[in-house]
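Chemist: Build the 3D model from these lines:
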Amino acid sequence: MKKAIALSSVLALGALGMACGDTANTNTATNANMNANRANTNVSNVANTTSNTTVNSAANTMGTAANTMANAANTAANAANTAANAAKTAANTVANAANKP
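Modeler: Down below sits the predicted model:
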């Protein structure tokens, strides 16, 4: 009976040791995977931030250029309108002078 108890104790301790050993290995692998995932996430976040900054900067630069061109076009249109109004006024002045008796 004593031999059976002693053998059972040895087997129980061996099983406990194997279980703990497997858990430690599993935890180590899990931690390594979690750390790798964090590193990948951090790299992805940095890449996304850099990409967004670059794209937004380029888009803002292009938007500014487009606004500058639109303002120049509006200025040219206003100048043409002013010239047309001046020509119309001059033509009306000549016509009115010609119609006076």
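Chemist: count of residues packed around A90?
Modeler: By the criterion of other CB atoms under 10 Å, A90 has 10 neighbours. Yep, even glycine has a C-beta here, placed from its N, CA and C like the rest.
Chemist: nope, T61 is what I meant
Modeler: Residues near T61, counting by other CB under 10 Å, number 10.
Chemist: SS state for it?
Modeler: Put simply, T61 is helix when judged by DSSP: H, G, I helix; E, B strand; the rest coil.
Chemist: What separation do you get for it and T50?
Modeler: 17 Å (CB to CB, to the nearest Å).
Chemist: I'd like the mean pLDDT over the host helix or strand of A84, please.
Modeler: Using DSSP states H and E, A84 sits in helix 2-99. Taken as a whole, helix 2-99 has a mean pLDDT of 80.
Chemist: any idea how far that helix is from the chain center?
Modeler: Relative to its chain's centre, helix 2-99 lies at 1 Å (CA atoms, centre = their mean, to the nearest Å).
Chemist: what's the burial count for V55?
Modeler: 10.
Chemist: Correction: the previous question concerned S44.
Modeler: S44, neighbours per other CB under 10 Å, totals 10.
Chemist: How about A97?
Modeler: The tally of other residues near A97 (other CB under 10 Å) stands at 8.
Chemist: now do T75
Modeler: Neighbours of T75 under the rule other CB under 10 Å: 10.
Chemist: could you measure it against T89, distance?
Modeler: Relative to T89, T75 is positioned 21 Å away (CB to CB).
Chemist: cool, and N60?
Modeler: Using CB to CB, N60 is found at 43 Å from T89.
Chemist: got it, and N37?
Modeler: 76 Å.
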